[in-house]
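> Quick one, what's the 3D model for this:
(2 chains)
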Amino acid sequence: MSTDQKIAKLLKRIIVILFFVSVAIVAVYPMDNQSVTITIDTDGKDVSANYTPAFLQEASEFSIPLKNADKYNVREVRFYRQYKTLCVDKIKSDSFPEFASVRADGYYFNEKTCDLMRTLSHTLFMERLIIAEWLLVLTLLLWIIINAIQEKLDPKDYSNHGPIYEIKRFCGDIRRYWQYMHYAAKADLKAEVANSYLNRLWWLLEPFFNMLVYVIVFGRIMGNSIQNYATFVFSALLMWNYFSKTLNYSVRLVRSNRDIITKVYVPKHVLLISNMIMNLYKLAFSLIVLIPMLVIFHVHIGIGVLWVIPAYIVMILVSFAAGMFLLHHGVYIDDLGYAVGILLSMMMFLSGIFYDVITGLSIPLNGMMLVLNPVSMFADSMRNALLYNVVANVPLVITWTILSLLFGYICVHIVYKNENGYVKVI
Amino acid sequence: MKDIALECKHVSIDYRDLSHMSLAKSLRKDGIKRANVVRAVNDVSFSVNKGEILGIVGRNGSGKTTLLRSVAGIFQPDEGIIDTHGNRVSLMAIGIGFNGNNTGRENILKSGMLLGCELDYVKEHMDEIIEFSELGDFIDRPVRTYSSGMYSKLSFAVTAILDTDIMLVDEVLSVGDERFRKKSFKKMEELMLSDRTVLIVSHATNTLEQFCDKVLWINDGHLMQLGETNEVLSAYNESMQL
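Take a look at the predicted model:
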């Protein structure tokens, strides 16, 4: 190995070490106490108030005035720090009486609330995690640059064209195979139901009966404190299904498409995207079922509902990046499919599809789940926007968009480098 | 001097036996080191002129198909360069991406587009393909209901009708019944007369004699002989005698 290669390898190792060191520094670096915003989400309107750390240090009780407060129904109380969309803690409606009393002229919060807000003002756990994610963004960028230089310097490497060429090639592939991807998605969708009696009706029936189960089981039998629990679960499950179907397919992708791959050259992400388009069609049919559900349960739709669009985009980007990663490793590792299956079923229950992550998990775990697990993040953002008209997790959505784009690029690069070897393995 | 359509320079292709690796093994990272390496094609160089037809002969397992596949871009040579000079290459193979639950028509569109053709272009040639495949009403039935002969006829029709600059044929001339075989022969002749560059892998020496301008003989991955059809074929036949 030449000295250039050795230096590049060393540099890569150094940036990885630097990343961990800087994360450790971020974790322990002393930060000032933050002011805490409290928002009371009632059926009629939201009221919020901001309290400085100095005030919280002393306070043992405080009140938030609101005319006819006793007429409104409190859905939940949310706490924010400096990110005005990133909820750090919540009080659910059923435990609300423990924290405050409601009078005609406002809400009177007690000692317990002040204690809670005091702790919230000096643990900056989620903010630190977000900084760590940005450090990861930086590390990935540096890694991409060093890797590109390393490949340029390698005389034995014929496919060293650099990131810009690869991005162009990727876009070219998408343009060239767009018709195929779209047509194959539709044809595969049709093939699934083509020989059945009810034919295309299945696309609507499946999500409809799914929904019915959730309404009956979760809405009636398990009677939950979350408002509109059936829609709450169903809407998040649609996202989860998309994510897990894409991942499960991508592990087996090269093997199950060996008919194509051994006979003609096709960029492998084309096959993944084609499957993702098919899953999007299925998702769209399920959304058709979701809309009457929103009407039946009197969900108030506001302008905030537009925030579901970025949530869905992040979902697609994260699925693609993770799918490309699994696509590559699924070729070489036989039992990866099992591992992914187990991990996914664990993830489904951990990611807060059936509960609200912030209230459902205990305090350090819930922040970690929301910030580090993209599934919790996009499901939570989508639900808040769709069901409660709340724009949530803006910094997380931005961070994960960038992270998944970078990670997606790295995986596309790896697949481009190795895809011609896949045929030899399968 | 004619234009060169395809050039292979010192091409070597390895097969690594990596297929069965478990998660635990891959984490220990010893899977790759212990893999058996088999050299399927060893230092083969040749070039094909535009419009020329090259036959490839050799015993079973001598690396013919491997060579053809890497010319098609399906996998990369481990050493050497394959230069197709920007020509579109297609490997004529049975059933590219056919899904049994889709109808014949849908599968034609799918595999046509996989070969790099536009949707409209495939649609234009749809009737021609259907006619050539002799499937009749079966074209709108799911492919899983086809007999194996019908299946191969359909896939041959797709690759035969849709144009590419360089065609790679891997022993598909023995497809279907006698009538269809004659028809494919005629189609092949037609293609030979056009400007198409063709590489044929076959064991049937009389087929090669009929079509090829040049023949390449490989044995155990090594290039044995490259030259005039009759010369190479007679040398090859001699070596095949018991």
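> Walking through the chain, point out its strands one by one.
Using chain A here. Under the criterion DSSP state E, chain A contains strands at A:36-42, A:46-51, A:62-65, A:74-80, A:87-92, A:100-103, A:106-109.
> look at chain B instead
For chain B, applying DSSP E gives strands covering B:4-16, B:37-49, B:53-57, B:79-83, B:89-92, B:166-170, B:197-201, B:214-219, B:222-228.
> could the ones you listed be laid out in JSON lines, adding distance to chain A and mean pLDDT?
Just so you know, the C-beta spots here come from the backbone N, C-alpha and C atoms, and that holds for glycine as well. Shown next, in JSON lines, are the strands of chain B (distance: least, C-beta to the nearest C-beta, whole Å; pLDDT from 0 to 100):
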{"stretch": "strand B:4-16", "distance to chain A": "6", "mean pLDDT": "80"}
{"stretch": "strand B:37-49", "distance to chain A": "9", "mean pLDDT": "82"}
{"stretch": "strand B:53-57", "distance to chain A": "17", "mean pLDDT": "85"}
{"stretch": "strand B:79-83", "distance to chain A": "8", "mean pLDDT": "81"}
{"stretch": "strand B:89-92", "distance to chain A": "6", "mean pLDDT": "75"}
{"stretch": "strand B:166-170", "distance to chain A": "10", "mean pLDDT": "80"}
{"stretch": "strand B:197-201", "distance to chain A": "14", "mean pLDDT": "84"}
{"stretch": "strand B:214-219", "distance to chain A": "18", "mean pLDDT": "86"}
{"stretch": "strand B:222-228", "distance to chain A": "20", "mean pLDDT": "82"}
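> Tell me which of the strands of chain A sits nearest to chain B.
The minimum distance between chain B and the strands of chain A falls on strand A:87-92, with 37.0 Å, by C-beta to the nearest C-beta.
> shaky segments in the chain?
Just so you know, I chose chain A. Per-residue confidence for chain A (pLDDT under 70) gives these ranges: A:1, A:44, A:156-160, A:194-199, A:218-225, A:426.
> think we crossed wires, I meant chain B
Using pLDDT under 70, the flagged stretches of chain B are B:1-2, B:16-36, B:93-97, B:163, B:171-176.
> Dump the strands of chain A to CSV, plus distance to A:L350.
Putting these into CSV (distance: least, C-beta to C-beta, whole Å) gives the following:
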stretch, distance to A:L350
strand A:36-42, 25
strand A:46-51, 30
strand A:62-65, 34
strand A:74-80, 22
strand A:87-92, 18
strand A:100-103, 31
strand A:106-109, 32
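> Mind putting the ones you listed into TSV with distance to chain B and mean neighbour count?
What follows is these, written out as TSV (distance: least, C-beta to the nearest C-beta, whole Å; neighbours: other C-beta atoms under 10 Å in any protein chain shown):
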stretch	distance to chain B	mean neighbour count
strand A:36-42	44	22
strand A:46-51	49	15
strand A:62-65	54	16
strand A:74-80	42	21
strand A:87-92	37	21
strand A:100-103	52	17
strand A:106-109	52	21
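> who wins for proximity to B:V11 among those strands?
Of all the strands of chain A, the one in closest proximity to B:V11, counting by C-beta to C-beta, is strand A:87-92 (60.4 Å).
> Give the other helices and strands that that closest one contacts.
Here strand A:87-92 is seen to pack against strand A:74-80, helix A:111-122, helix A:357-360 when contacts are counted using 3 or more C-beta pairs under 8 Å, 6 or more residues apart in numbering or on different chains; DSSP states H and E.
> any chance of those in JSON lines, with distance to B:I81 too?
Compiled in JSON lines, these are given as follows (distance: least, C-beta to C-beta, whole Å):
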{"stretch": "strand A:74-80", "distance to B:I81": "60"}
{"stretch": "helix A:111-122", "distance to B:I81": "63"}
{"stretch": "helix A:357-360", "distance to B:I81": "54"}
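> and A:A184, which of these is closest to it?
Between A:A184 and the helices and strands packed on strand A:87-92, the shortest gap by C-beta to C-beta is with helix A:357-360, which sits at 36.1 Å.
> can the strands of chain B go into a markdown table with extra columns for mean neighbour count?
Converted to a markdown table, the strands of chain B look like this (neighbours: other C-beta atoms under 10 Å in any protein chain shown):
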| stretch | mean neighbour count |
| --- | --- |
| strand B:4-16 | 18 |
| strand B:37-49 | 17 |
| strand B:53-57 | 25 |
| strand B:79-83 | 15 |
| strand B:89-92 | 25 |
| strand B:166-170 | 23 |
| strand B:197-201 | 24 |
| strand B:214-219 | 21 |
| strand B:222-228 | 16 |
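> OK, contacts around the most centrally placed residue in chain A?
The centre of chain A sits closest to A:P374, judged by C-alpha atoms, centre = their mean, with a distance of 2.9 Å. Under the criterion of C-beta atoms under 8 Å, 6 or more residues apart in numbering or on different chains, the contact list for A:P374 reads A:314, A:318, A:400, A:404.
> And B:V158, by the same measure?
With C-beta under 8 Å, 6+ apart, B:V158 has these contacts: B:96, B:108, B:111-112, B:115, B:129.
> same thing but at 10 Å, please
B:90, B:92, B:95-96, B:98, B:104, B:107-112, B:114-115, B:117, B:122, B:125, B:129, B:132-133 (C-beta atoms under 10 Å, 6 or more residues apart in numbering or on different chains).
> ditto for A:V412
Each residue near A:V412 by C-beta under 10 Å, 6+ apart is listed here: A:163, A:166-167, A:169-170, A:173, A:267-269, A:320-321, A:324, A:328.
> top helix in the chain by residue count?
Using chain A here. Of all segments of type helix in chain A, defined using DSSP state H, the longest is helix A:162-193.
> wrong one, I was asking about chain B
Assignment by DSSP H; longest helix in chain B turns out to be helix B:178-193.
> What helices and strands are in contact with it?
Contacting helix B:178-193 under the criterion 3 or more C-beta pairs under 10 Å, 6 or more residues apart in numbering or on different chains; DSSP states H and E are the following elements: strand B:53-57, helix B:126-133, helix B:148-161, strand B:166-170, strand B:197-201, helix B:205-211.
> Is there proximity between the second one and chain A?
The one in question is helix B:126-133. No - interface with chain A: helix B:126-133 contributes nothing (C-beta under 10 Å from any C-beta of the partner chain), its closest point being 13.3 Å away.
> other SSEs contacting that helix?
Helix B:126-133 is packed against helix B:104-114, helix B:148-161, helix B:178-193, with contacts defined by 3+ C-beta pairs under 10 Å, 6+ apart.
> Please identify the most buried of those helices.
With neighbours taken as mean count of other C-beta atoms under 10 Å in any protein chain shown, the helices and strands packed on helix B:126-133 reach their highest mean count in helix B:104-114, at a mean of 24.
> Alpha carbons of that helix, as CSV, please.
Output in CSV follows, covering the C-alpha atoms of helix B:104-114 (Å, rounded to 0.1, in the frame of the first residue of the first chain):
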residue,chain,number,x,y,z
GLY,B,104,-47.0,-11.4,-21.3
ARG,B,105,-47.7,-7.9,-22.5
GLU,B,106,-46.6,-6.4,-19.2
ASN,B,107,-43.5,-8.5,-19.1
ILE,B,108,-42.5,-7.4,-22.6
LEU,B,109,-42.7,-3.8,-21.4
LYS,B,110,-40.8,-4.4,-18.3
SER,B,111,-37.9,-6.3,-19.8
GLY,B,112,-37.8,-4.0,-22.8
MET,B,113,-37.3,-1.1,-20.5
LEU,B,114,-34.7,-3.0,-18.5
